[in-house]
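1. fold the following and give me the result.
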Amino acid sequence: MPKKLLLRFTPDREKIKGIKALEFLGEQLHRPNLWHLNRRSVSLAFAVGFWAMYTPPLPFQMVIAAVLAIYFNANLPISVALVWITNPVTWLPMYYAAYKVGALALGQGSFQFEQFSQIFSIEKVLELGTPLLLGCFILMNVGAVVGYFGAQYFWRRAVLRRVLLRKYRNVPLDTPLMVRETHGNFLRMLKHREGAGK
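-> Prediction:
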């Protein structure tokens, strides 16, 4: 998983430390390992973020993500940023998906999305109760597993790609190489060499 891409989309230290809901964590926010970008910390951050995004609405999701990031030594900015997947635009479809999963797991009938969106309110959440909560619980845990192993996979893939490009940096681009390598790998090598030559 490219570090530059992660750095572009994650909030910096000052933004995280400026979140009022996280002030109670105090000095814990200054622990250096919470800000490192390595495969373990990023994978744990994806697990924490995907787990926390189905917990109660903001700002509690950020608090839960931050506490879990501190506990598991996950990357704090990524953990906190991922909970924003649940936002005012995505909130309704995501909780409807959770409600459908919970209803399916319980073998109950469920509302259509139009009906769900019309009746959805805090009072209705309490009435829907079990299917919605069970669905959230299922999706949080599935999300954590997918987030962790997905981040591991993409990180490993990015490292292997860099190793491959480094391996062929000084190898002549001849016919045997073209035959040995896949078309995609050969194009990546050409692109890498063009970038290195600038």
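
2. hmm, Ala74 is touching Val67, no?
-> No - using Cβ atoms under 8 Å as the test, Ala74 is too far from Val67 to be in contact (10.7 Å). For glycine as for every other residue, the C-beta is placed from the backbone atoms N, C-alpha and C.

3. the two: which is more packed in?
-> The residue with the greater number of neighbours, taking Ala74 and Val67 and applying other Cβ atoms under 10 Å, is Ala74; the counts read 26 against 17.

4. regarding the more buried one, what is its secondary structure?
-> Three states are possible here, and by DSSP: H, G, I helix; E, B strand; the rest coil the one that applies to Ala74 is coil.

5. contacts only, for it.
-> By Cβ atoms under 8 Å, 6 or more residues apart in numbering, the contact set of Ala74 is Leu34, Ser41, Leu44, Ala45, Ala47, Val48, Leu68.

6. burial count for the first one?
-> By that I understand Leu34. 21.

7. from the contact counts, what lies against the helix or strand where Leu139 lies?
-> Using DSSP states H and E, Leu139 falls within helix 130-167. Counting contacts by 3 or more Cβ pairs under 8 Å, 6 or more residues apart in numbering; DSSP states H and E, the secondary-structure elements packed against helix 130-167 are helix 39-52, helix 91-106, helix 183-197.

8. just send the ones you listed back as a markdown table, with mean pLDDT too.
-> Shown next, in a markdown table, are the helices and strands packed on helix 130-167 (pLDDT from 0 to 100):
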| stretch | mean pLDDT |
| --- | --- |
| helix 39-52 | 93 |
| helix 91-106 | 86 |
| helix 183-197 | 65 |
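
9. what would those look like in JSON lines with mean neighbour count?
-> Converted to JSON lines, the helices and strands packed on helix 130-167 look like this (neighbours: other Cβ atoms under 10 Å):
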{"stretch": "helix 39-52", "mean neighbour count": "24"}
{"stretch": "helix 91-106", "mean neighbour count": "17"}
{"stretch": "helix 183-197", "mean neighbour count": "12"}
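
10. these: which one's closest to Val146?
-> For the helices and strands packed on helix 130-167, distance to Val146 was read as Cβ to Cβ. The smallest value, 6.9 Å, belongs to helix 39-52.
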